[in-house]
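Enquirer: Any chance you could fold what I've pasted below:
(one chain, ligands or ions: 1)
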Amino acid sequence: MIEFSAFQIFVIFMIILYIIRRPRIGKSEPPLVPYSIPILGHTYNYLFNTKKFFKECKEQYGGCFSIYVFGQVMTILSGDSLIEVFRNPDDFDLISAANEVLPLQHLLVYNGGTNRESVKFHAKTAREQVSGKLDLNIGIVQKYLLKGMEKWIGDCNDPKTIYNAWNMVNGIISLPIANILVGEEAASHEDLVKSFENLAFDLGPLLIIPPILSFIHPKLHEFVITLPMKFGWNPVSRHREVVMNRVKPVIEKRLKEKNVFGDNYKPYNDILEYYMNQPDFDHTKPNNLPYHVDNLFVMTFVSINTTSRAAVDALYDLAGRPEVLNELYEEALTIDKECNGLVTLTDVQKMVKLDSFVKESLRHAGNIINLAHYMISKSFTFSNGFTIPKGRKTILYFDDALKSKEYYGNDAEEFKPFQFVNANSPATKVDRSYIIFGGGKHACPGRFFAVNETKLFLHKFILKYKVSTKSGKIEEKLLIGPYTIPSRSGLVFENKVKNK
Ligand code: HEM
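Expert: Now for the predicted structure:
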């Protein structure tokens, strides 16, 4: 009888894996960048040599090329091909690619997570109820940003050093958003605000598990990371419990008010009220309230960590550049005097230097690639003649667009805080070289809110505090493969008035 050692079985397995997983590229497809290590393909360069690797690939193979990473062919798009993804939303699907990384369908069990249909509702909510009501919301944002800063930063009469600044800024940013989501009464409960604040961070570990099993089959990674959820573990459950307990009495109170006041009922200005007005709302029915709370969680995912990320990046960008801080302080002081400390939407719009700075900070967010989409039609032919088959994963070459020399000059890599001041190019305006909020029909509908909240946070912050890096240098973000997270280096906060 023939006996096989473990090593021989491993070798046979690898040979079979190599044969069945070997990428097959059609004639008219974007070129597959050659690689020398079978099975691994470009995975090493993708993870550890990312910026240089993508730059060299583009130089050699043009704006549209394919690489083989974690057992999957991905097509990297830049220039016109990138824009074609935004222009053809029926062919390219962001949600299925996002669900692969963060399986919301297994976490938000009452609303089934996100799909192309439900995202239309969330986009409408963000567009009409959050960004669309900015003039109303700005007062709430101002009030709770100040409360959050008091709680998280304090008076800083003595200099205070913070290392995990993202955590701190996330705490500040989530307080106004919690108020906009469920109203002031429910958001007065600390446990509810904590749940919104921590929800996305709690799921962070799922995002950083490397998809090693995808070398065997892409679905295997998803299967394994969702296995604990199939056995009942769900990090969202306790947050759902907290939020349901806090919003239920508020809903009941509002329903009573509606009964008493009839047509004279004064509606509340929050997303909870908006959900209560939906035809499918009946919190007394089984699973109905958890369904709406899961919808609130989708809004939490898209709004809190994204905005706090923009705000903390801006804070680090400021801390390393005292001259920029001084210039922004002058602008902040003038506007503060004009409005007597009570900022309206018009006042935020007058903060043109701050707007330019925020835009530049977002341009330097640092992700080399972003926004994976699956191509879901039978096939798609780009205007450059390349065709990709159904099921191909495409990823947008963000760094190439955001650091484009054609649009930002030969010093596109430099941080130029006031380059947009007289350029009629606000931080909310999406275009082919500024894709931080995506583009086309699905461009982020919450961007008007996000930019305004970030500006207002920085405005109030600059008036009260001085910030510097502990190292005295400009701190770089941490690169994890092609993606970045904010620096963890110390930021030193001082009270501006006390330490003049
Ligand atoms: C700085 C903060 C933010 C950034 C960088 C950001 C970025 C993005 C990006 C890149 C997309 C995908 C766009 C595309 O497919 O072309 C997106 C979509 C979306 N964002 Fe944001 N976002 C931010 C804040 C917000 C906020 C505050 C909200 C809600 C109030 C929000 C709600 C949404 C929604 C609902 C979508 C899906 C739109 C659709 O598919 O039609 N975002 N966001």
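Enquirer: Count residues in the vicinity of the nearest residue in space to Lys353 that is not next to it in sequence, would you?
Expert: Nearest in space to Lys353, with sequence neighbours left out and distances taken as C-beta to C-beta, 6 or more residues apart in numbering, is Glu331 at 4.7 Å. All C-beta spots, glycine's among them, are computed from the backbone N, C-alpha and C. The tally of other residues near Glu331 (other C-beta atoms under 10 Å) stands at 17.
Enquirer: Over to Ile369?
Expert: Around Ile369 there are 21 residues (other C-beta under 10 Å).
Enquirer: Looks like it contacts Thr394 (just checking).
Expert: No. Contact between Ile369 and Thr394 fails when scored by C-beta atoms under 8 Å: they sit 10.1 Å apart.
Enquirer: residues contacting Ser308?
Expert: 166, 169-170, 172-174 (C-beta atoms under 8 Å, 6 or more residues apart in numbering).
Enquirer: Ok, Met149 next?
Expert: Contacts of Met149 by C-beta under 8 Å, 6+ apart are 172, 457, 460-461, 464.
Enquirer: What are the boundaries of the strands in the chain?
Expert: 64-69, 72-77, 92-93, 160-162, 370-375, 379-381, 387-389, 393-396, 465-469, 478-480, 483-485, 491-495 (DSSP state E).
Enquirer: Mind checking the ones you listed for the one nearest to the ligand?
Expert: Closest to the ligand of the strands of the chain is strand 370-375 (C-beta to the nearest ligand atom; 5.9 Å).
Enquirer: List the buried residues of stretch 237-254.
Expert: 239-240, 242-244, 246-247, 250-251, 254 (16 or more other C-beta atoms under 10 Å).
Enquirer: Among the contacts of Ser308, pick out the one closest to the ligand, please.
Expert: Ile173 (9.4 Å).
Enquirer: which one is the closest one nearest to, not counting chain neighbours?
Expert: Per C-beta to C-beta, 6+ apart, closest to Ile173 is Ser308, 4.1 Å.
Enquirer: on that earlier part again, now list the buried members of the contacts of Ser308.
Expert: If we count by 16+ other C-beta under 10 Å, these have these buried: 166, 169-170, 172-174.
Enquirer: so does stretch 354-370 get close to the ligand?
Expert: No. Judged by C-beta under 6 Å from any ligand atom, stretch 354-370 makes no contact with the ligand; its nearest approach is 6.7 Å.
Enquirer: Any idea how far apart the tips of that stretch sit?
Expert: End-to-end distance for stretch 354-370, by C-alpha to C-alpha, to the nearest Å: 26 Å.
Enquirer: coming back round to it: now for the contacts of Met149, which sits with the most neighbours around it?
Expert: Phe457 (28 neighbours).
Enquirer: What separation do you get for that residue and Leu146?
Expert: 10 Å (C-beta to C-beta, to the nearest Å).
Enquirer: Also Phe13?
Expert: Taking C-beta to C-beta, one finds Phe13 at 60 Å from Leu146.
Enquirer: For Asn288, which residues are in contact?
Expert: Asn288 touches 280-282, counting by C-beta under 8 Å, 6+ apart.
Enquirer: What subset of those residues is buried?
Expert: Phe281.
Enquirer: Quick check: which ranges of the stretch 151-300 of the chain have low pLDDT?
Expert: The stretch 151-300 of the chain contains no residues with pLDDT under 70.
Enquirer: Do a quick rundown of the helices in it.
Expert: 165-186, 190-207, 218-230, 237-261, 271-276, 288-319 (DSSP state H, counting those that start in this stretch).
Enquirer: Could you pull out the buried residues of the last one?
Expert: So that's helix 288-319. So for helix 288-319, counting by 16+ other C-beta under 10 Å, buried means 289-319.
Enquirer: For the ligand, tell me which of these show up nearby.
Expert: Applying C-beta under 6 Å from any ligand atom to the buried residues of helix 288-319, those adjacent to the ligand are 302-303, 306-307, 310.
Enquirer: Find the residue closest to Ile37 in space, skipping its chain neighbours.
Expert: Per C-beta to C-beta, 6+ apart, closest to Ile37 is Tyr44, 7.3 Å.
Enquirer: on that earlier part again, just send the contacts of Ser308 back as CSV, with distance to the ligand too.
Expert: Putting the contacts of Ser308 into CSV (distance: C-beta to the nearest ligand atom, whole Å) gives the following:
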residue, distance to the ligand
Trp166, 13
Val169, 12
Asn170, 12
Ile172, 14
Ile173, 9
Ser174, 11
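Enquirer: Quickly note the distance from Val101 to Ser195.
Expert: 22 Å.
Enquirer: Report how many residues lie close to the residue lying closest to Arg392 once chain neighbours are set aside.
Expert: Taking C-beta to C-beta, 6+ apart, and ignoring the residues beside it in sequence, Arg392 has Met375 as its nearest neighbour in space, at 4.7 Å. Per other C-beta under 10 Å, the neighbour tally for Met375 reads 20.
Enquirer: now swap in Asp158 and tell me
Expert: 11.
Enquirer: same thing with Lys133?
Expert: With other C-beta under 10 Å as criterion, Lys133 counts 16.
Enquirer: so who does the closest residue to Val247 other than its chain neighbours touch?
Expert: Nearest non-adjacent residue to Val247, counting by C-beta to C-beta, 6+ apart: Ala186, 5.1 Å away. Neighbouring residues of Ala186 by C-beta under 8 Å, 6+ apart: 192, 246-247, 250, 272.
Enquirer: just Glu222 next, same as before
Expert: 100, 103.
Enquirer: What distance do you get for it to Tyr268?
Expert: 39 Å.
Enquirer: I'd like the distance from stretch 166-179 to the chain centre, please.
Expert: Remark: stretch 166-179 is offset 14 Å from the chain centroid, using C-alpha atoms, centre = their mean, to the nearest Å.
Enquirer: Output the set of residues of the stretch 301-450 of the chain in proximity to the ligand.
Expert: Going by C-beta under 6 Å from any ligand atom, the residues of the stretch 301-450 of the chain near the ligand are 302-303, 306-307, 310, 371, 436-439, 442-447, 449-450.
Enquirer: Buried ones only from those, please, as a PyMOL command.
Expert: Entered in PyMOL, the line below selects the buried ones among those, by 16+ other C-beta under 10 Å:
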select buried, resi 302+303+306+307+310+371+436+437+438+439+442+444+445+446+447+449+450
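Enquirer: so how many other residues sit close to Lys470?
Expert: Lys470: 15 neighbours (other C-beta under 10 Å).
Enquirer: Please name the nearest non-neighbouring residue to it.
Expert: That would be Gly490: by C-beta to C-beta, 6+ apart, it lies 3.3 Å from Lys470.
Enquirer: picking that back up, of the buried ones among the contacts of Ser308, which is the nearest to Asp155?
Expert: Set against Asp155, the nearest of those by C-beta to C-beta is Ile172 (15.0 Å).
Enquirer: so who does the residue lying closest to that closest one once chain neighbours are set aside touch?
Expert: Among residues not flanking Ile172 along the chain, Gly148 sits closest, at 3.6 Å (C-beta to C-beta, 6+ apart). Gly148 makes contacts with 171-176, as judged by C-beta under 8 Å, 6+ apart.
Enquirer: Thank you kindly, that will do.
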